[in-house]
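[1] kindly generate the corresponding structure for this input.
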Amino acid sequence: MVAEEDLRAVVDELRRLRTRVPQLTGALAAGVDGLVVAHDTPGVDPDGLAALTAAALGVAVRVADATGHGGFRELLVRGERGYVATYAAGRTAVLTLLAQDRVNVGRLHLEGRRAGARIGELLDAAEALRPLPRPATPARTRTPRAPRTTAAEARTATDS
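    Numbering: from 1, shown residues only. Got it, this is the predicted structure:
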C-alpha cells in the first residue's frame, strides 16, 4: 500500500505532466500487476486501463527479451485517434499516457520518460520504507510421547 503522502506526490506528478503536454487526455500510474496506483483519466476506466496495460506490458517484455533487446523501457501504440504510451516507472510500476493524434511524439517521450523516472523514484522509495512482512511462525506440533511408567509398573513388566 502506498502512503497518502506518496500517493499525493504521484497524482501531482500526473497533473504536472498533463500541464506540460497539453495534448494528453489521460495519465495513469499502475503496478506491473495491473492495479491502479494513481490516475488522472477523465472518461476512461482506470481499472480497465491498468489491467490492459499489464497485459500489454507482459507481451512487450517478452518481445524485448526474445529479440535480445534487454529490459522493458517503453511501449507506444498509435490508434486512428491518438496514442497510448507506456513507460517503465521504477521496479514495480508503469506510467501510461493517453494522447491526442496531434501530439508531438518526441515531446510525449521526453516528458513521459521524465515523469516515469520521477514516479518510479517515489514508488520505489515508498516500497523500500514499507516494513517487510513477518514470516508466519509455524504452529508447534507436539510429538506424542510414550506414557511414563511408574517404578511399580516397570517392575511388573520386567518381573513377568
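[2] count the residues that sit near the residue lying closest to Val105 once chain neighbours are set aside.
    Of all residues not flanking Val105 in the chain, Tyr83 sits nearest, at 7.0 Å (Cβ to Cβ, 6 or more residues apart in numbering). Using the backbone N, CA and C atoms, a C-beta is placed for each residue, glycine as well. The number of residues packed near Tyr83 is 19, by other Cβ atoms under 10 Å.
[3] same question for Leu110.
    Neighbours of Leu110 using other Cβ under 10 Å come to 13.
[4] likewise for Val61?
    Val61 has 15 nearby residues by other Cβ under 10 Å.
[5] you'd agree it is in a helix?
    Yes: inclusion of Val61 in a helix is indicated when DSSP: H, G, I helix; E, B strand; the rest coil is applied.
[6] check contacts around it.
    Gly71, Phe72 (Cβ atoms under 8 Å, 6 or more residues apart in numbering).
[7] okay, it: pLDDT?
    Listed pLDDT for Val61 reads 92.
[8] ok, it to Thr86 distance?
    Counting by Cβ to Cβ, to the nearest Å, the separation of Val61 from Thr86 is 11 Å.
[9] repeat that for Leu17.
    Counting by Cβ to Cβ, the gap from Leu17 to Thr86 is 14 Å.
[10] which neighbours do the two have in common?
    Common neighbours of Leu17 and Thr86 (Cβ under 8 Å, 6+ apart) are Leu97.
[11] more neighbours: those two, which one.
    Taking neighbours as other Cβ under 10 Å, Leu17 and Thr86 compare with Thr86 leading, 25 against 21.
[12] shouldn't the more buried one be within a strand?
    Yes: counting by three-state DSSP, Thr86 is part of a strand.
[13] can you pull the contacts of it?
    If you count contacts by Cβ under 8 Å, 6+ apart, Thr86 has them with Thr53, Ala56, Leu57, Ala60, Glu74, Leu75, Leu76, Val94, Leu95, Thr96, Leu97.
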